[in-house]
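# Mind looking at a prediction? Sequence and model below.
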Amino acid sequence: NAGVMQNPRHLVRRRGQEARLRCSPMKGHSHVYWYRQLPEEGLKFMVYLQKENIIDESGMPKERFSAEFPKEGPSILRIQQVVRGDSAAYFCASSPMGEGLNSGNTIYFGEGSWLTVV
Amino acid sequence: EDQVTQSPEALRLQEGESSSLNCSYTVSGLRGLFWYRQDPGKGPEFLFTLYSAGEEKEKERLKATLTKKESFLHITAPKPEDSATYLCAVQTYTDSWGKLQFGAGTQVVVTP
């Protein structure tokens, strides 16, 4: 039973380059969430996606960041023109449903992608 | 403004020395309170979800409880493998599902 898969696990980018982080949700899960953990800070929600739809992007920085979850393939978090302040761990999470207090509707996290901007 | 505060920030225990972690919250309309465990360099590992005051859940040496203002994670007779950062998160009815507000975590070290 594969969990939430993220790649790459570690990524180094120079300032001004683009970073693409990929996430495949758990089997049977159609809801994906991205979180960011900055050094010495807690986990912060960024965006919630379903297939081909952005449901909630209230935590996304206004510029340079975008996310998608296409009909086929993994979810992608894209950071354009990276700056040193983007260095962080980016976690993807997934759940089987978007609503409900069903005990099976737990939110599971992946192992994270560590982005370092030099 | 919604707030989630965990205490203590760090906790050092001897093996077998039971203790409790606290997560206090001030939110409008709590839908669920989540506990996760995070090891260094890894993602959060789900432990429990609590939905209503008075609810309790157990898993091995861990027991989570919930009141209207706070949640406790009790660690009974901990072992070194229980060393980790324990994260508390809340979800409200006004937030989209999956939008969790995390506390800063409690770093637990259990020594043999």
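Cool, the structure landed. Since the model is a prediction, treat every value here as computed from it, not as a measurement.
# Kindly report the residues of chain B close to chain A.
Residues of chain B lying near chain A by CB under 8 Å from any CB of the partner chain: B:31-32, B:34, B:36, B:41-46, B:49, B:51, B:87, B:89, B:95-105. Just so you know, the C-beta spots here come from the backbone N, C-alpha and C atoms, and that holds for glycine as well.
# Now restrict those residues to buried residues only.
Among the residues of chain B next to chain A, those scoring as buried are B:31-32, B:34, B:36, B:42-45, B:49, B:87, B:89, B:95-105 (criterion: 16 or more other CB atoms under 10 Å in any protein chain shown).
# In strands only, show me the residues of chain B next to chain A.
Among these, the members falling in strands are B:31, B:32, B:34, B:36, B:45, B:46, B:49, B:87, B:89, B:101, B:102 (criterion: DSSP state E).
# Return the member of those residues nearest to residue A:117.
residue B:102 (23.3 Å; CB to CB).
# What residues are bridge-paired with that closest one?
On the basis of DSSP bridges, residue B:102 is bridged to residue B:89.
# That one contacts residue B:85, doesn't it?
No: at 10.9 Å, residue B:102 does not count as touching residue B:85 under the criterion of CB atoms under 8 Å.
# And for residue B:60, the neighbour number?
10 (other CB atoms under 10 Å in any protein chain shown).
# Not counting residues beside it along the chain, what's closest to residue B:15?
Spatial nearest neighbour of residue B:15, excluding adjacent residues (CB to CB, 6 or more residues apart in numbering or on different chains): residue B:112 at 5.3 Å.
# oh, I was asking about residue A:16
Per CB to CB, 6+ apart, closest to residue A:16 is residue A:81, 5.4 Å.
# secondary structure class for that neighbour?
Put simply, residue A:81 is coil when judged by DSSP: H, G, I helix; E, B strand; the rest coil.
# Please spell out which residue in chain B sits farthest from the middle.
Distance from the centre of chain B peaks at residue B:112, with 22.9 Å (CA atoms, centre = their mean).
# so it touches residue B:78, yeah?
No: if you go by CB under 8 Å, residue B:112 and residue B:78 don't touch, sitting 10.8 Å apart.
# Overlap of the contact sets of the two?
Taking CB atoms under 8 Å, 6 or more residues apart in numbering or on different chains as the criterion, residue B:112 and residue B:78 both touch residue B:15.
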